[in-house]
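# Can you look at this prediction? I've put the sequence above it.
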Amino acid sequence: MIPISTLTKLWTAEDFRRAIACLDAKTGLHGADLAIRLTQRRSSLGLYFPSKYLQFSLYFFNDPTFPESAAIDVIRHEYAHLYDDVAQLRRWIPTPASRRHHGPDWKFACEMVGARSERLYDTQAAFPQLTRAQADAMLRAEDVRSLDILEHLRMWDRLPLPEQTEQDLDRRLRQNLPPQQYFRPGDPFLHPQNGFGRVAAVYPDYAGLQHLWLRYDSGKEERQTNRTVVKIQTKP
Ligand SMILES: [Zn+2]
C-alpha cells in the first residue's frame with residue numbers, strides 16, 4: 001500500500017487557511033483571519049502568536065514520511081491555543097502560571113477541537129494512517145462538534161458540558177421536574193418584575209436547575225433560571 005502522505009501535494013498557506021476556516025465554521029472563531037507563516041524550522045512544528053499569526057514548519061509538513069494525521073493534529077494543537085486565548089478559558093479553568101501554555105485550559109480546547117492534548121509531537125505515538133477520504137473529512141473538521149464558544153460563554157457564563165452529559169442532564173430534568181418548572185425553547189414565561197417573553201434557549205445544570213436565556217417582549221434579553229420565572233401554560 002502506498003502511504004497516503006506520498007500522495008499529498010505540498011502544503012501551501014491556502015491549505016492551512018482552508019483547514020482553519022473549517023474549524024472556525026464549527027467553533028464560531030475567526031482563526032482564518034490571522035496571517036499564516038510558513039517556515040523551515042526544525043525546532044518547532046507550529047506556533048500560535050496571539051492575535052497575530054499561526055506558524056507551521058514545512059520542514060515537517062512537506063516531509064513525505066510525516067503522517068497526514070500528525071499534520072492535522074499539529075494544526076488543531078495550534079488552533080487549540082488560539083481557542084484557549086480568544087475564549088479566555090482561564091476565567092473558568094484555574095491554570096497555574098507554570099502551565100501557561102499547555103495547562104488544563106488548553107486541554108479543554110483540545111477536547112473541543114479534536115486535538116491530542118500532548119505538548120510535543122511524539123514520533124513514537126501511533127498516528128493512524130488515514131485514507132484520503134478520512135483525511136479530507138478531518139481537514140473539513142467533520143468530526144468536530146459545532147458549538148459557537150463565544151456565544152455559549154456570553155449566554156451561559158459557564159463552560160459547555162460534553163454533548164452526551166448535556167443530553168443526559170436534560171433528560172433527567174425533564175423526567176424529574178414538575179412540568180411547570182421544566183422549560184423548552186419557545187415557552188412563554190412571566191418574570192414577576194421584568195414582564196413577559198419567550199424562552200430563547202435552555203441549558204441544563206446539575207441539581208434540578210435549568211438556565212434560561214430569556215427574550216422579553218420588550219426586546220431585552222437576559223439569563224435567569226427556571227426558579228425565577230413562571231411558565232405560562234398554553235392550552236393543549
Ligand atoms: Zn503548544
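Okay, I see it.
# Next up, the contacts around Lys231.
Applying Cβ atoms under 8 Å, 6 or more residues apart in numbering to Lys231 gives the contacts 180-181, 183, 187-189. All C-beta spots, glycine's among them, are computed from the backbone N, C-alpha and C.
# 6 Å - rerun?
Taking Cβ atoms under 6 Å, 6 or more residues apart in numbering, we find Lys231 in contact with 180, 187, 189.
# got the phi/psi numbers for it?
phi -80, psi 130 (degrees, to the nearest 10).
# Within the sheet, what are the partner strands of the longest strand belonging to the chain, with directions?
Assignment by DSSP state E gives strand 195-204 as the longest strand of the chain. Next to strand 195-204 in the sheet, as set by DSSP bridges, lie strand 188-191 (antiparallel), strand 210-216 (antiparallel).
# just so I know, which of the ones you listed lies nearest Val144?
Shortest separation from Val144 across these is recorded for strand 210-216, at 23.9 Å, computed as Cβ to Cβ.
# now the angle between strand 210-216 and the helix or strand following the closest one, please.
Sequence order places strand 221-225 as the next helix or strand after strand 210-216, per DSSP states H and E. Orientation check (axes from the mean of the first three to the mean of the last three Cα atoms, to 10 degrees): strand 221-225 against strand 210-216 gives 150 degrees.
# Which strands border strand 221-225, and is each parallel or antiparallel?
In the sheet, strand 221-225 lines up against strand 210-216 (antiparallel) (DSSP bridges).
# what's the partner strand in contact with?
155-156, 183, 195, 197-205, 221-226.
# Mind listing what's buried along that strand?
Neighbour counts over strand 210-216 (16 or more other Cβ atoms under 10 Å) mark 210-215 as buried.
# Likewise for stretch 35-51?
By neighbour count with 16+ other Cβ under 10 Å, stretch 35-51 contains the buried residues 36-38, 45-46, 48.
# same question, stretch 53-67
Going by 16+ other Cβ under 10 Å, stretch 53-67 has these buried residues: 54-57, 59-62, 66-67.
# Inside helices: which ones of those residues?
59-61 (DSSP state H).
# Where does the prediction get shaky in this protein?
1-8, 123-125, 235-236 (pLDDT under 70).
# List phi and psi for the residue positioned nearest the centre of it.
Central residue of the chain (Cα atoms, centre = their mean): Met112, 4.0 Å from the mean position. The phi/psi pair for Met112 (degrees, to the nearest 10) reads phi -70, psi -30.
# distance of it from Arg119?
Per Cβ to Cβ, to the nearest Å, Met112 is found 17 Å from Arg119.
# nearest to Ala126, of the buried residues of stretch 35-51?
Leu45 (17.4 Å).
# Would you agree that closest one is in contact with Leu58?
No: with contact defined as Cβ atoms under 6 Å, Leu45 does not reach Leu58; the gap is 10.3 Å.
# Identify the contacts common to the two.
With Cβ under 6 Å, 6+ apart as the test, Leu45 and Leu58 reach no residue in common.
# Tyr83 - nearest residue in space that isn't next to it in sequence?
Ala109 (4.0 Å; Cβ to Cβ, 6 or more residues apart in numbering).
# Sketch out the strands for the chain, chain order is fine.
Using DSSP E, the strands of the chain run over 35-39, 46-49, 53-57, 188-191, 195-204, 210-216, 221-225, 230-231.
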